[in-house]
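>>> When you get a sec, could you give me coordinates for this:
(chains A, B, C, D and E)
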Amino acid sequence: MLLKNNIPVSYVFGKIKFELLFVALYASSISIIHDNYDLQIGIPIAVPMIVGTAISLLLGFRSNQAYDRWWEARIIWGAIVNDSRTFSRQILTFIKDPEYSVEINIFQEKWIKRQMGWNYCLGQSLRDKDPDEGLNKYLTKHDMVFINHHDNKPNALLQLHALDLKYALERGWINEYQQVKMDSIITRLCDSMGKCERIKKTVFPTTYTMYIHFSIYFFMLQLPFCLLQYFGVFQIPFTIAIAAAFFLIDKMAVHLQDPFENKPTDTPVTSIARTIEVNLRQMLDDKEIPEYKASQTHFYQL
Amino acid sequence: MLLKNNIPVSYVFGKIKFELLFVALYASSISIIHDNYDLQIGIPIAVPMIVGTAISLLLGFRSNQAYDRWWEARIIWGAIVNDSRTFSRQILTFIKDPEYSVEINIFQEKWIKRQMGWNYCLGQSLRDKDPDEGLNKYLTKHDMVFINHHDNKPNALLQLHALDLKYALERGWINEYQQVKMDSIITRLCDSMGKCERIKKTVFPTTYTMYIHFSIYFFMLQLPFCLLQYFGVFQIPFTIAIAAAFFLIDKMAVHLQDPFENKPTDTPVTSIARTIEVNLRQMLDDKEIPEYKASQTHFYQL
Amino acid sequence: MLLKNNIPVSYVFGKIKFELLFVALYASSISIIHDNYDLQIGIPIAVPMIVGTAISLLLGFRSNQAYDRWWEARIIWGAIVNDSRTFSRQILTFIKDPEYSVEINIFQEKWIKRQMGWNYCLGQSLRDKDPDEGLNKYLTKHDMVFINHHDNKPNALLQLHALDLKYALERGWINEYQQVKMDSIITRLCDSMGKCERIKKTVFPTTYTMYIHFSIYFFMLQLPFCLLQYFGVFQIPFTIAIAAAFFLIDKMAVHLQDPFENKPTDTPVTSIARTIEVNLRQMLDDKEIPEYKASQTHFYQL
Amino acid sequence: MLLKNNIPVSYVFGKIKFELLFVALYASSISIIHDNYDLQIGIPIAVPMIVGTAISLLLGFRSNQAYDRWWEARIIWGAIVNDSRTFSRQILTFIKDPEYSVEINIFQEKWIKRQMGWNYCLGQSLRDKDPDEGLNKYLTKHDMVFINHHDNKPNALLQLHALDLKYALERGWINEYQQVKMDSIITRLCDSMGKCERIKKTVFPTTYTMYIHFSIYFFMLQLPFCLLQYFGVFQIPFTIAIAAAFFLIDKMAVHLQDPFENKPTDTPVTSIARTIEVNLRQMLDDKEIPEYKASQTHFYQL
Amino acid sequence: MLLKNNIPVSYVFGKIKFELLFVALYASSISIIHDNYDLQIGIPIAVPMIVGTAISLLLGFRSNQAYDRWWEARIIWGAIVNDSRTFSRQILTFIKDPEYSVEINIFQEKWIKRQMGWNYCLGQSLRDKDPDEGLNKYLTKHDMVFINHHDNKPNALLQLHALDLKYALERGWINEYQQVKMDSIITRLCDSMGKCERIKKTVFPTTYTMYIHFSIYFFMLQLPFCLLQYFGVFQIPFTIAIAAAFFLIDKMAVHLQDPFENKPTDTPVTSIARTIEVNLRQMLDDKEIPEYKASQTHFYQL
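Numbers count the residues shown, from 1 in each chain, chains lettered A, B, ... in the order given. As a prediction, this is how the structure comes out:
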């Protein structure tokens, strides 16, 4: 997630530097040709404006859909925060433990720590990083072995949650309604996981991307011929500025639409997982400070 | 689903080749007539722009609705992924099996395999292919016979799920709350199935499609007369390029709005069903590799 | 619902024939007056374009809202399909019937047939047709008498469903959780019914309809004066074509926004009810073919 | 709710009569000054069109949000209809009454009548009218006393519902699952009530209203100078017509966005409450005709 | 929340005073240079209109998303109102208390008061104010100590709610279904809290903000050159008015998108919390008047 301030100009324009270079060269050469060879074509501005209609339609459409994907990703991770807290609250308050036994206490702590680990694990696997990395701080050895042969590690962890639920029911620590209720929270976590995978794996309709590029270039190629008659050689900065505006809107959408790519515009899954850890540790009365460090620069947070 | 790269140009323009041919012929003949017969009509660009307002309105509207249908289809299949995992998790952790009996083990495996089969079956029937094809790898003979006389095979499979649920309750393997809870997941699968059928069977309001074609042709027919005065014979490529932009946006929407038609822009139901199979097999501790192969080329996935 | 092809041109333009006749007469008389009396007013196209902004805003707004109503109506009927299947599945698999008694079998069949009838009944009452017509094939005499004195027949049928649920609980055929669960499905059917009534009874804000007509006419009245200077007498077909585009978009929205009016653009409630009947009969192992015939022409389905 | 036809012209233009008067005076005086003093400023139409961009953006935005509020209000009241029916159905079919005792019968009737009263009470309190008026026909004396010292009468009625639920459980008339289920319906009614209050109490961002007025006036003040050069003194009706179009769109949004203000554009809460009463009375087998009369004129319904 | 009337002009324009000052200086200096040095550049209005397309696209996009955030925040707080009422209703009517014991009475009051406190606590922590302030009026000493070492105080209060639920179950005051049901309401409160945090912590994509500023300035810098040719020195007020329109739309969106910043455009969390307190106290039959005072001026409410 980009932070509010201090975004370096180099970051912003770095994303479109090849496009701008091309536009600058193109506009300059038109001016040079015009001055030297007495080029005659002057296009009235109304002509590129026809294409402009198509561009604004496509860019508006795309920005909205990209934003929706980005915002949905954030909503899903917000739901993960809520469900992690709810799940831990239920672990702590549903389990009958009249004698404050050590066994149950360890069981609860193991369970909640697995939930902490799940968040990191999901975040890492969405970003195509090693999903196991650092998990041994949150999982028991038995759990680590269990998830080892699974491709989908977060799903395996949810299965472990459900097995613990079964165990707790068999031991009489929770009643039958509570099992069903807590399983609902596991189901919600499973839904959130699946939704992230959906956003991750579904390519935004590729042809739109192509049409937008095609339209912007077609539009931009006409611009110098339109502006030359009014601005002479000053058409070059004008053409660059106008082209930059459209390219930037397009690039922003491209970045927003894929929020799990380990880029500065990502949903900040690592810092969200860290927030959850802090909350759960305090619910557990555990004073330790989380070891994970969300990579954060002065202008973004992951 | 189209993949991110390598979409062949022939695919993109193949979809509008007849339209472009017509535009090319039309624009050329206008130029020929103009040069030979001294045609006088020059239309100011503002005139087609009035129709352009209607076109942009209609195309924007249509693109949004088509995208919504496509995205909803993907969301539904995402929900099917989640519910398949949840259902299998519940089969494995709700059923009481203190003695690790072989009977229950077989029962669980049969149940989860039926869920694997359901996904393929639904995908195939949505694409108007034989819904039974290949199902015998996932279903018992008894199940195959049962669904035989049903028109709606996936619905019949859900009925079998529910009958197994009843059986498990009668045998005392699950309790009454668990039955009701697992039936909720069957209900969610039933809802997802019905939603797919809704998208499949509901024709996008046909008259909009007609108005858009009518408007684009009306617009395009005026174009050469507008551009002739500025570009002479170069109006031909300009007319083609502008017409192509509008035709492509329209075609893209037409393809997106029907996501179960066995086309490259489809929701990739076969590969999603395969992903589910992999997950469920690992939950079952089954090392077999799925036999289904999603047909996939270098630029799309079904 | 309009089908994909073969929509007769007479249907499309029949909806705006009076508007087009008026425009044709108006545009012709302007040309006649102009030719005979040397009319001077030539309006620059930019003037009607100001009104065009308002029109496109209003038409875009209206098309979206009308489509949303139409699509919501279809979604509701999709939910009715799903809930009918779920309800029948629960009737067949929740009821305890260890001895395969005839009494229970008849009870189940009566119940599911009532659900078949409910769909037709709701569809007919939404279309202001006799809601009772043909219901005697699905309901017992007792049920027919019960709903007789009710204004809202579908609601009365849901009450009968709930009374049967009570009866089944009292007889010990279902347990207490199942009653509550099946009552949830009745509640969902009740919600769907209420949503249809909401769409049926809520008039789209009438004043918008008036403003759109006012704006389109105001716009159209200026058109001949704009086009005369460029096209002479050919302004007449141009004016008609442009006016037709706007009138058609408006009319389409008018038709979409009221989807229960017994018109070709309706939600096809009768054929949906028939689909449900086929599904439920197969779940009941009943080989009869539904008697209802959805009225269907070559270009639409009701 | 405005009905479909017969909306008097005086109603429509009555809403913007001061604005139109001002525009008429302004446009006339510009014409007079122009004719007498040889005013020189002729503004090209492109200049006000820049402001037109801002206006159309703001009006489109505002119309959509206002419509959403209005439609959401209608959806909420639709949900109230559904939940009232569901609640009454549950009262009639959940309560165990093997001996058809008079006590239970009176209890059920009292309960359902309170629900009838709740709808009127909520409607009246949303419209800032006396929420108690006419409630004595639906509530017992005890209930009237109970709600007397509450500021939020509908909330107090829900508390009475919940107390009756407790009473029914204590008497063994309903079981524990049914209590929890029926409490869910009370929760849904409570949610609907809160949603209405939210719409009622949340002012649409005031500054948007101001910017729109500011923009429309700024736009309109330039119009006569643009139109004078083409139409001479006929610019006056043109200016009025164009200004009227924008003012009307704005006013319509203003009215839609506050649907509980006792105005003709309101959500018709009284007639909805009456519809519910008719339904519930028939479910109770009560032949009485509701006494409430929704105030209705020939063009609207409250 | 801004109230309907009496918003001081100084408030509205105060937000863009630096921008307007800059525009005024710039436009004036162009006029001065033009008059003194015979500046030649006259830009046709069509040129800035190209940028205008990008601006209107971006501003429309941004206004919609900002409004959605603001409206979602209000919806969440509406849900908090509803859930607080529901939770209190359940506390009062679920708990079995046949002997009207003082112990239970105190327990109920303590619980409901904690819910009153929770609302203030959440509101204060969202606004980055001291979340503990004034809470001692609603919480027992024990509760105050418990939340002391938690970073996330509202979450700690929900944990206390859940512990009380466990206590009530252990004492036999509520049954097992009621525990699970009431825990669902705590879960909903937890969800609402998490949603507020999501809106609070998620920065609106920063780059959009930058592009909009860049575009508006680029547009505005061209304006004087366009208007000079028509209005001479009067271009200065025109330029200022047009620039003000765009800057204001942008600023409004900036304010709406962050609704928990202790600003006049905030969601009025304090007065909502106060409304809840009044409702809950009346449900408790407590005649005390809430002590909290929402800070309110003549034009806004917090």
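
>>> do whichever helix in chain A runs longest and chain C meet at all?
Assignment by DSSP state H gives helix A:46-94 as the longest helix of chain A. No. Remark: helix A:46-94 sits outside contact range of chain C, by CB under 8 Å from any CB of the partner chain, the gap being at least 11.3 Å. All C-beta spots, glycine's among them, are computed from the backbone N, C-alpha and C.

>>> and the angle for that helix with helix B:46-94?
Orientation of helix A:46-94 against helix B:46-94 (axes from the mean of the first three to the mean of the last three CA atoms, to 10 degrees) gives an angle of 20 degrees.

>>> So is helix A:46-94 next to chain E?
Yes. Helix A:46-94 lies within reach of chain E by CB under 8 Å from any CB, at A:46, A:48-49, A:52, A:55-56, A:59-60, A:63-64, A:67, A:70-71, A:74-75, A:78-79, A:81-82, A:85-86, A:89-90, A:92-94.

>>> Next: stretch A:26-43.
No. If you take CB under 8 Å from any CB as the test, stretch A:26-43 misses chain E, and the best it gets is 11.7 Å.

>>> And chain B, is that stretch touching that?
Yes. Counting by CB under 8 Å from any CB, chain B has neighbours in stretch A:26-43: A:Ile41, A:Ile43.

>>> Same question for that stretch: list its buried residues.
Of the residues in stretch A:26-43, A:Tyr26, A:Ala27, A:Ser28, A:Ile30, A:Ser31, A:His34, A:Ile43 count as buried by neighbour count, 16 or more other CB atoms under 10 Å in any protein chain shown.

>>> Give me the contacts around it.
With contacts defined as CB atoms under 8 Å, 6 or more residues apart in numbering or on different chains, stretch A:26-43 is touched by A:220-226, A:228-229, A:232-233, A:235-236, A:239-240, B:230-231.

>>> Please name the nearest non-neighbouring residue to A:Ile212.
With sequence-adjacent residues excluded and distances taken as CB to CB, 6 or more residues apart in numbering or on different chains, A:Ile212 is closest to A:Leu58, at 4.9 Å.

>>> so what's the residue nearest to the spatial centre of chain A up against?
For chain A, the residue nearest the mean C-alpha position is A:Pro259 (2.1 Å; CA atoms, centre = their mean). With contact set as CB under 8 Å, 6+ apart, A:Pro259 has these partners: A:Arg69, A:Trp70, A:Ala73, A:Arg74, A:Ile199, A:Thr265, A:Asp266, A:Thr267.

>>> Find me the pLDDT at the second one, would you?
The score at A:Trp70 is 95. That number is its pLDDT.

>>> doesn't A:Asp266 make contact with it?
No. Counting by CB atoms under 8 Å, A:Trp70 stays clear of A:Asp266, with 9.3 Å between them.

>>> Could you report the distance from A:Thr270 to chain D?
Using CB to the nearest CB, to the nearest Å, A:Thr270 is found at 35 Å from chain D.

>>> count of neighbours near that residue?
Other residues lying near A:Thr270 total 22 when counted by other CB atoms under 10 Å in any protein chain shown.

>>> what's the answer for A:Leu2, then?
Close neighbours of A:Leu2, defined as other CB under 10 Å, add up to 24.

>>> Quick one: buried ones out of the contacts of A:Pro259?
Buried, going by 16+ other CB under 10 Å: A:Arg69, A:Trp70, A:Ala73, A:Arg74, A:Ile199, A:Thr265, A:Asp266, A:Thr267, out of the contacts of A:Pro259.

>>> residue ranges of the helices in chain A, please?
Along chain A, counting by DSSP H, helices occupy A:9-14, A:17-37, A:46-94, A:102-126, A:141-148, A:153-170, A:176-201, A:206-231, A:235-256, A:269-283.

>>> Out of those, which gets the lowest mean score?
Taking the mean pLDDT of the helices of chain A, helix A:9-14 comes last: a mean of 82.

>>> Buried by neighbour count: which residues of that helix qualify?
Neighbour counts over helix A:9-14 (16+ other CB under 10 Å) mark A:Val12 as buried.

>>> Same check on stretch A:90-101?
By neighbour count on 16+ other CB under 10 Å, the buried set for stretch A:90-101 is A:Gln90, A:Ile91, A:Leu92, A:Thr93, A:Phe94, A:Ile95, A:Lys96.

>>> wait, doesn't the first one sit right on A:Asp183?
No. Using CB under 8 Å, A:Gln90 is not in contact with A:Asp183; the gap is 10.7 Å.

>>> residues in contact with A:Pro290?
Counting by CB under 8 Å, 6+ apart, A:Pro290 touches A:Arg274, A:Glu277, A:Val278, A:Arg281.

>>> Can you tell me which of those comes closest to chain D?
Lowest distance from chain D to these (CB to the nearest CB) belongs to A:Val278, with 32.0 Å.

>>> Next one: the closest one relative to E:Asn155, how far apart?
Separation of A:Val278 from E:Asn155 (CB to CB, to the nearest Å) stands at 10 Å.

>>> of the two, who's got more company?
Set side by side, A:Val278 and E:Asn155 show more neighbours around E:Asn155, with 25 against 16, by other CB under 10 Å.

>>> just checking, A:Ala245 touches E:Ile216?
No. With contact defined as CB under 8 Å, A:Ala245 does not reach E:Ile216; the gap is 10.9 Å.

>>> Who's the closest spatial neighbour of A:Gln235, skipping the chain neighbours?
Here the nearest residue to A:Gln235 in space, its sequence neighbours aside, is A:Leu227; by CB to CB, 6+ apart that works out to 3.7 Å.

>>> what do you get for A:Arg69?
Using CB to CB, 6+ apart and skipping residues adjacent in sequence, the residue nearest A:Arg69 is A:Gln257, 5.0 Å away.

>>> Same check on A:Leu135?
A:Leu135 sits nearest to A:Gly117 (CB to CB, 6+ apart), 5.0 Å away.

>>> burial measure for that neighbour, as a count.
Using other CB under 10 Å, the number of residues around A:Gly117 comes to 25.

>>> circling back: can you give me the angle the longest helix of chain A makes with helix B:206-231?
Put simply, helix A:46-94 runs at 140 degrees to helix B:206-231, going by the same axes, to 10 degrees.

>>> so how far is stretch A:104-115 from its chain's centroid?
Distance of stretch A:104-115 from the chain centroid (CA atoms, centre = their mean, to the nearest Å) equals 29 Å.

>>> residues contacting the closest residue to A:Ala162 other than its chain neighbours?
What sits nearest to A:Ala162 in space, not counting adjacent residues and going by CB to CB, 6+ apart, is B:Thr93, at 4.0 Å. Neighbouring residues of B:Thr93 by CB under 8 Å, 6+ apart: A:Gln159, A:Ala162, A:Leu163, A:Leu165, A:Lys166.
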